[in-house]
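1. the amino acid sequence is not available; the structure is as follows:
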């Protein structure tokens, strides 16, 4: 069993009663949260301990609607209204393939993770002829296989 303990941070459980611990701990056993409480964790033997002093520890955010591949073109047509933005970007997106989609997904998920998002629902809808296994590229990126 692998055990990770995150402790020393402000714990906001976001439960139904708003439980918070000014200085607390979260115990994770084999990827499952098994304990949350105030102060240091009671057992630390063999655990990887993460010092969260000065940090806020919360559940991960969930993004239910994203277009991960659009991370590749996020700097284009920034000052455009929606229709102009779409007509500028559709020609670029028409050349997207599985490798580009995987790379874009990897970049977008990295940005999301840095902002506290741990779950994302992608709404990919661009599948140009001859573009390869676009969905496979997305899955590869999400599984940690990177892109490109």
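-> Cool, got the structure. Everything numeric here is computed off the predicted structure, so don't read it as measured data.
2. rest of the way, CA atoms for contacts and neighbours
-> Noted.
3. what residues does the nearest residue to residue 123 once chain neighbours are set aside make contact with?
-> Leaving aside its chain neighbours, residue 123 sits nearest to residue 67 (5.4 Å; criterion: Cα to Cα, 6 or more residues apart in numbering). Contacts for residue 67 (Cα atoms under 8 Å, 6 or more residues apart in numbering) come out as 122-124.
4. just the buried ones from the residues you listed, in PyMOL syntax?
-> Only the buried entries of those go into this PyMOL selection, using 16 or more other Cα atoms under 10 Å:
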select buried, resi 124
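5. where does pLDDT dip in this structure?
-> When residues are selected by pLDDT under 70, those of the chain lie in 146-148.
6. where along it do the helices fall?
-> Assigned by DSSP state H, the helices in the chain fall at 82-93, 98-114, 134-142.
7. distance to residue 9 for the ones you listed - can I get that in a markdown table?
-> Output for these, formatted as a markdown table (distance: least, Cα to Cα, whole Å):
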| stretch | distance to residue 9 |
| --- | --- |
| helix 82-93 | 42 |
| helix 98-114 | 18 |
| helix 134-142 | 28 |
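8. closest one to residue 40 among those helices?
-> Closest approach to residue 40 among those (Cα to Cα): helix 98-114, 25.6 Å.
9. among the helices of the chain, which is nearest residue 38?
-> Once those are compared by Cα to Cα, helix 98-114 is nearest, at 25.7 Å.
10. so what does the closest one touch, helix or strand wise?
-> Applying 3 or more Cα pairs under 8 Å, 6 or more residues apart in numbering; DSSP states H and E, one finds that helix 98-114 contacts helix 134-142.
11. coming back round to it: would you reformat the contacts of residue 67 as JSON lines and include distance to residue 14?
-> Listed next are these as JSON lines, based on distance: Cα to Cα, whole Å:
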{"residue": "122", "distance to residue 14": "25"}
{"residue": "123", "distance to residue 14": "27"}
{"residue": "124", "distance to residue 14": "30"}
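12. and the contacts of residue 67, which is closest to residue 62?
-> Checking the contacts of residue 67 one by one against residue 62 (Cα to Cα), the nearest turns out to be residue 122, at 11.5 Å.
13. which parts of stretch 56-64 are buried?
-> Neighbour counts over stretch 56-64 (16+ other Cα under 10 Å) mark residue 57 as buried.
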